[in-house]
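[1] whatever this is, show me its structure:
(2 chains)
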Amino acid sequence: MAEDLTYLSIDEARGLLDRREISSVELTEAHLRRIEAVEGRVKAFITRTPELAREQARLADDRIKAGEAATFTGIPVALKDVLCTRDAPTTAGSQILRDFLPPYDATAVARLRAQGAIFVGKANTDEFAMGSSTENSSFFTTHNPWDLERVPGGSSGGSIAAVAAGEAIVGLGSETGGSVRQPAGFCGIVGLKATYGRISRYGLIAFASSLDQIGPATRSVADCAHLLGAVAGADPRDSTSAPAEVPDYRAALTGEIRGLRIGVPREYFEMGLQPGVESATREALRVLERLGAELVEISLPSSGLALPVYYIIAPAEASANLARYDGVKYGLASEQDSLLATYLESRRAGFGPEVKRRIMLGTYALSSGYYDAYYVKAQQVRTLIKDEFDRAFGLAADNGAGAGTAGVDVIVAPTSPTTAFKIGERSDDPLAMYLADVLTIPANLAGIPSVAIPCGFADDLPVSLQIMGPAFAEERILRVAEAYERQTTWTQRRPPLDVASAGA
Amino acid sequence: MTLTNEQVEHVALLARLGLSDEERERMREQLSSILDHIDQLRAADTSNVAPTAQVIPLAPALRDDVVAPSLTVEQVLANAPRTEGGFIKVRAILD
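    Numbers count the residues shown, from 1 in each chain, chains lettered A, B, ... in the order given. Have a look, this model is predicted:
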């Protein structure tokens, strides 16, 4: 088959499949060939699942023939390896789970499986999703398809790079502090962090339970809307999943944003932005203005405190969540003479440096004598951050602290202060690595949705902006993103992988 | 904020985390520098500010207490390092 079946949108693939112009087997084989061709350079997958994919493709073809296709029937998907899959190992990028085969599917996985999606592999991640580059994966580092010497971002760098490189049509990642949006920005694709509770976390390996949220990684806003619609919704197995109805997100993409009030937060532009990032974001704001939106400068004064708040709350919750890896119930076990020694040695051998750092930081912050100074203080500042968003969105009264009540509909800001950095550039400096998430973390702390979308290039590397909205306003932020997407060609660009492989 | 070796050892034991001597020293330096960064929180005025417990308020999820199918014992134990007679085997916790 000569025609290239990679880089299709869901709507395009759905049309071809439903009209029986191509089969799911053909679409799947095209992606498996693409994986063979680029994976040696990109290294997006910890585990590839070609046999599972082929079996699912045959079943999808039967279903299409029977006229029973759903949106995702026959669509190749990459799954971040923190999402439990009952028929593929799930490692969380960690040696402590290197042989773990979950007994059940995550709810988001089960929902895609029920629609007949094709699972091509389990994608690389920083260990337990702790990182911003995939360099903390205990297996290997994923490479940015736009520049193989650079990181793809993280922690969902594997799913993101796979989608950017055409190895899957869409991917699922997860966010705790920007782990979908930041790599989506680095790799020039669309990434969504939904409202906390919008997507069930059942079967998502836990990192920080008050922050964790699964998120779509796609090459267009329409694909993002489809994927969100497929995985969102209440789940009796996750008591934090929200009962709110799941609207038709795809239908919300009307292109109409006239009269919309867009907040531009001053503080986000004062956090050491690379000049090319700032200019691309400012130009994108002008595009939105030309579409009839009104730009309103706003202030979110506590934004600069989001990073230190996050590095108390996330490690504290992680230290509790990761207590379950004890060498007894599952995971790597190093048998010693006593139970205590077995705990110490299993966890020493099984966890990598960043995971150990965060367990230590979190344990310290929760320990007797420090709890109020660190954990309670961080939760109080988290309230300040959330309240500032509420006031900006006109959902709370002015408290006289200077934030005002702007009453904006959405907030637009850069996704990351810089474009993708080089592999190794920050890996020895934890704080420098943490700063990569300085602009994405506030939305996680406030629980609000935010979508990252490509908005240009700086020195041939993708630049991204994010559109934040009030809780459960996914339709609105996706509508703004898609209206912008219609005016630009950024999401149609492909990384230069095929030039490099021309002789292969 | 400079942590002492004793503090690092104490926290590592609380976390049931074995550390080599080299890891312990590196951890001491890195945690101290991260805590320095975090200390800027002290300047924030949080008098009369309630700590956030949950960002999206939800009513408690309750369900009827009914028996329903779940994983089998074999499935649950499949990943356990040591099992015996349908149980996970653990070293004695008391002498």
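[2] now the residue most central in space within chain B: how far from A:Tyr375?
    In chain B, the residue lying closest to the centroid (C-alpha atoms, centre = their mean) is B:Ala15, at 7.1 Å. Separation of B:Ala15 from A:Tyr375 (C-beta to C-beta, to the nearest Å) stands at 15 Å. To be clear about C-beta, it is placed using only N, CA and C from the backbone, and glycine gets the same treatment.
[3] which residue ranges of chain B form strands?
    B:83-84, B:87-88 (DSSP state E).
[4] can you redo those as a markdown table with mean neighbour count, mean pLDDT and distance to A:His226?
    Listed next are the strands of chain B as a markdown table, based on neighbours: other C-beta atoms under 10 Å in any protein chain shown; pLDDT from 0 to 100; distance: least, C-beta to C-beta, whole Å:
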| stretch | mean neighbour count | mean pLDDT | distance to A:His226 |
| --- | --- | --- | --- |
| strand B:83-84 | 12 | 96 | 43 |
| strand B:87-88 | 12 | 95 | 42 |
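[5] turn these into TSV, columns for distance to chain A.
    Compiled in TSV, the strands of chain B are given as follows (distance: least, C-beta to the nearest C-beta, whole Å):
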stretch	distance to chain A
strand B:83-84	10
strand B:87-88	6
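[6] in CSV, list those strands along with distance to A:Gly121.
    Output for the strands of chain B, formatted as CSV (distance: least, C-beta to C-beta, whole Å):
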stretch, distance to A:Gly121
strand B:83-84, 30
strand B:87-88, 31
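[7] closest to A:Lys329 out of those?
    strand B:87-88 (6.2 Å; C-beta to C-beta).
[8] list the contacts of that closest one.
    Residues outside strand B:87-88 that contact it (C-beta atoms under 8 Å, 6 or more residues apart in numbering or on different chains) are A:328-329, B:77, B:80, B:82.
[9] same check on stretch A:36-52?
    With C-beta under 8 Å, 6+ apart as the test, stretch A:36-52 has contacts from A:32, A:35, A:78, A:81, A:87-89, A:91, A:93, A:119-125, A:137, A:139-143, A:145, A:148, A:152, A:157-159, A:161-162, A:165-167, A:497, A:500-501, A:504.
[10] what pLDDT is listed against the residue nearest to A:Glu475 when sequence neighbours are not counted?
    Excluding the flanking residues, the one nearest A:Glu475 by C-beta to C-beta, 6 or more residues apart in numbering or on different chains is A:Ala252, at 3.7 Å. A:Ala252 carries a pLDDT value of 98.
[11] surely A:Ala252 and A:Arg479 touch.
    Yes - between A:Ala252 and A:Arg479 there is a contact under C-beta atoms under 8 Å: 5.3 Å.
[12] list the contacts of A:Leu305.
    Each residue near A:Leu305 by C-beta under 8 Å, 6+ apart is listed here: A:381, A:384-385, B:40-41, B:44.
[13] report whether the longest helix seen in chain B contacts chain A.
    If you go by DSSP state H, chain B has its longest helix at helix B:21-38. Yes - using C-beta under 8 Å from any C-beta of the partner chain, a contact is recorded between helix B:21-38 and chain A, made by B:23, B:27, B:30-31, B:33-35, B:37-38.
[14] next, count neighbours for the residue lying closest to the residue nearest to the centre of chain B once chain neighbours are set aside.
    Nearest residue to B:Ala15, sequence neighbours excluded (C-beta to C-beta, 6+ apart): A:Thr363, at 4.2 Å. A:Thr363 is flanked by 24 other residues according to other C-beta atoms under 10 Å in any protein chain shown.
[15] swap in A:Arg324?
    12.
[16] quick check, pLDDT for it.
    For A:Arg324, pLDDT reads 97.
[17] try the one 5 residues further on
    At A:Lys329, the model reports a pLDDT of 94.
[18] please save the CA atoms from stretch B:8-22 in PDB.
    Presented in PDB, the C-alpha positions along stretch B:8-22 are these (Å, rounded to 0.1, in the frame of the first residue of the first chain):
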ATOM      1  CA  VAL B   8      18.600  12.600  56.400                       C
ATOM      2  CA  GLU B   9      19.100   9.200  58.100                       C
ATOM      3  CA  HIS B  10      16.000   9.700  60.200                       C
ATOM      4  CA  VAL B  11      13.800  10.600  57.300                       C
ATOM      5  CA  ALA B  12      15.100   7.800  55.200                       C
ATOM      6  CA  LEU B  13      14.200   5.300  58.000                       C
ATOM      7  CA  LEU B  14      10.700   6.900  58.300                       C
ATOM      8  CA  ALA B  15      10.300   6.400  54.500                       C
ATOM      9  CA  ARG B  16      11.700   2.800  54.700                       C
ATOM     10  CA  LEU B  17      14.200   3.900  52.100                       C
ATOM     11  CA  GLY B  18      17.700   2.300  52.000                       C
ATOM     12  CA  LEU B  19      20.400   4.800  50.900                       C
ATOM     13  CA  SER B  20      24.100   4.200  50.300                       C
ATOM     14  CA  ASP B  21      26.600   6.600  51.900                       C
ATOM     15  CA  GLU B  22      27.100   8.300  48.600                       C
END
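[19] pull out the buried positions in it.
    B:8, B:11-12, B:14-19 (16 or more other C-beta atoms under 10 Å in any protein chain shown).
[20] how far away from the center of its chain is it?
    13 Å (C-alpha atoms, centre = their mean, to the nearest Å).
[21] hmm, who's touching that stretch?
    The contact list for stretch B:8-22 (C-beta under 8 Å, 6+ apart) reads A:319, A:323, A:326, A:340, A:343-345, A:347-349, A:351, A:356, A:359-360, A:363-364, A:367, B:24, B:27-28, B:31.
[22] number of residues surrounding the closest residue to A:Asp105 other than its chain neighbours?
    In space, and not counting its chain neighbours, A:Asp105 is closest to A:Arg86: 5.0 Å by C-beta to C-beta, 6+ apart. Using other C-beta under 10 Å, A:Arg86 is surrounded by 16 other residues.
[23] how about the one 3 residues further on?
    Neighbour count of A:Pro89, defined by other C-beta under 10 Å: 16.
[24] and what of A:Val246?
    16.
[25] shouldn't it be in contact with A:Gly229?
    Yes - because the distance of 6.2 Å satisfies C-beta under 8 Å, A:Val246 is recorded as touching A:Gly229.
[26] spell out which parts of the stretch 201-350 of chain A neighbour chain B.
    Residues of the stretch 201-350 of chain A lying close to chain B by C-beta under 8 Å from any C-beta are A:210, A:236, A:239-240, A:242-243, A:302, A:305, A:307-309, A:311-312, A:319, A:323, A:326-331, A:333, A:335, A:338-340, A:342-345, A:347-349.
[27] rerun that using 7 Å as the cut-off
    Applying C-beta under 7 Å from any C-beta of the partner chain, we find that the stretch 201-350 of chain A lies next to chain B at A:210, A:236, A:239-240, A:242, A:305, A:308-309, A:311-312, A:319, A:327-330, A:333, A:338-339, A:342-345, A:347-348.
[28] can you say which of these are buried?
    A:210, A:239-240, A:242, A:305, A:308-309, A:311-312, A:319, A:327-328, A:330, A:333, A:339, A:342-345, A:347-348.
[29] how near is the most centrally placed residue in chain A to chain B?
    Nearest to the geometric centre of chain A sits A:Val180, at 1.9 Å (C-alpha atoms, centre = their mean). According to C-beta to the nearest C-beta, to the nearest Å, A:Val180 stands 18 Å off from chain B.
[30] so can I have a markdown table of the residues of helix B:21-38 next to chain A showing pLDDT and distance to A:Ile423?
    Output for the residues of helix B:21-38 next to chain A, formatted as a markdown table (pLDDT from 0 to 100; distance: C-beta to C-beta, whole Å):
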| residue | pLDDT | distance to A:Ile423 |
| --- | --- | --- |
| B:Glu23 | 92 | 23 |
| B:Met27 | 95 | 24 |
| B:Gln30 | 93 | 20 |
| B:Leu31 | 94 | 25 |
| B:Ser33 | 93 | 23 |
| B:Ile34 | 93 | 22 |
| B:Leu35 | 94 | 28 |
| B:His37 | 92 | 24 |
| B:Ile38 | 94 | 27 |
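[31] for ChimeraX, write a command that selects the buried ones of those.
    Selection of buried members from the residues of helix B:21-38 next to chain A for ChimeraX, criterion 16+ other C-beta under 10 Å:
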select /B:23,27,30,31,34,35,37,38
